[in-house]
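Participant: Fold the following.
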Amino acid sequence: MDNANVLGDYLRARRGRVRPEEVDLPPGGRRRVPGLRREEVASLAGLSVDYYTRLEQGREQHPSASVLNALAGTLRLGADAQRYLFAIATPGPRGAAHRRRSAVGENLTALVDEWRDHPALLVDSLNDIVAANHLGRALYSDVGVGGNTLRFLFLDERAPGFHREWERTTASTVAAVRAAAAHTPDDPELMALIGELAVRSPRFARLWARADVREKTTDVLQVRHALVGDLDLVYETFRPTSAPDLLLKVYRALPGSESADKLAVLGSLTAGAVQEAGDARAQVKKT
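Facilitator: Next up is the predicted model:
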């Protein structure tokens, strides 16, 4: 993916999402593009039209914090979107390869493994599943440890059948990918994955062009699992201090719910596979 003018592309996308009436401008008049005109953004942000035009065209690449704050207010950016704006406008040193994955300590993997009643996953900045407990592997058996949940969601024909609200899930996921890019704006592997998905998935390309930015901290995962049917699972996302470039996702069913019963059944049905995997790991350690 060409990142030569990430800031300009983002500003254009976001001004296209703001309706004139949202910023107290008259909605009428003939507009060649949806949203705000360049001169309207410049005026509302207290900038000259020439300076704002240079920002969008990539000819000005060092806006001050006050300029970015003014643009964030004009474009009605939320907290996650503001962080993304500052990350792409004021990136860190370039040139060195980005190290995208921390070493996963034994204590962290043991903690994940020992969650018996809740599916738990460790995922990296690319949405690769780095580690998972028994129920996590059973829940995401179509992806697997080492697999990529983004590629599954957008490129695997099974995904719309697995995710009961596939369209909502894809939209929130793409917004979360942009939020993740605020943490690692120079990650070449993440940019390559975004480029791959934009080429291979029209749905991803459309959603990426909307330029939504929103962290996925908590939500409800609604899936249709091949073994147990419909599951509604609430999840929380954490960033471990021992591995800050990984995310820990923990899922739970409401106590006493049908999903809780089905999750227990899923654990029982897949217990044999878990025992075999544990025996294999033990044999590897011996050798």
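
Participant: Give me the contacts around the helix or strand where Leu68 lies.
Facilitator: For Leu68, the host element (DSSP states H and E) is helix 65-74. By CB atoms under 8 Å, 6 or more residues apart in numbering, the residues outside helix 65-74 that reach it are 11, 18, 23, 41, 44-47, 63, 81-82, 85-86, 89-90. Glycine gets a C-beta too; all of them are placed from N, C-alpha and C.

Participant: nearest to Arg178, of those residues?
Facilitator: The shortest approach to Arg178 among the contacts of helix 65-74 belongs to Ala81, at 8.2 Å (CB to CB).

Participant: follow-up on the earlier one: may I see the ChimeraX selection of the buried members of the contacts of helix 65-74?
Facilitator: Filtering the contacts of helix 65-74 down to the buried ones (16 or more other CB atoms under 10 Å) takes a single ChimeraX command:
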select :11,18,41,44,45,47,63,81,82,85,86,89
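
Participant: CA atoms of stretch 41-57 as CSV?
Facilitator: What follows is stretch 41-57, C-alpha atoms only, in CSV (Å, rounded to 0.1, in the frame of the first residue of the first chain):
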residue,chain,number,x,y,z
VAL,A,41,-12.7,23.0,6.4
ALA,A,42,-9.9,25.6,6.1
SER,A,43,-12.3,28.4,7.3
LEU,A,44,-13.7,26.4,10.2
ALA,A,45,-10.2,25.3,11.3
GLY,A,46,-8.8,28.8,11.1
LEU,A,47,-6.4,27.9,8.3
SER,A,48,-5.7,29.4,4.9
VAL,A,49,-7.2,27.5,1.9
ASP,A,50,-3.7,27.3,0.4
TYR,A,51,-2.2,25.7,3.6
TYR,A,52,-5.0,23.2,4.0
THR,A,53,-4.8,22.3,0.3
ARG,A,54,-1.1,21.6,0.7
LEU,A,55,-1.9,19.3,3.6
GLU,A,56,-4.3,17.3,1.5
GLN,A,57,-1.9,17.1,-1.4
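
Participant: same question for that stretch, mean pLDDT?
Facilitator: Rounded to a whole number, the mean pLDDT of stretch 41-57 is 95.

Participant: residue ranges of the strands in the chain, please?
Facilitator: For the chain, strands defined by DSSP state E occupy the ranges 120-123, 129-132, 218-225, 229-238, 247-252.

Participant: Could you please name the strands the first one pairs with and the direction of each pair?
Facilitator: Partner strands and pairing direction for strand 120-123 (DSSP bridges) are strand 129-132 (antiparallel), strand 247-252 (antiparallel).
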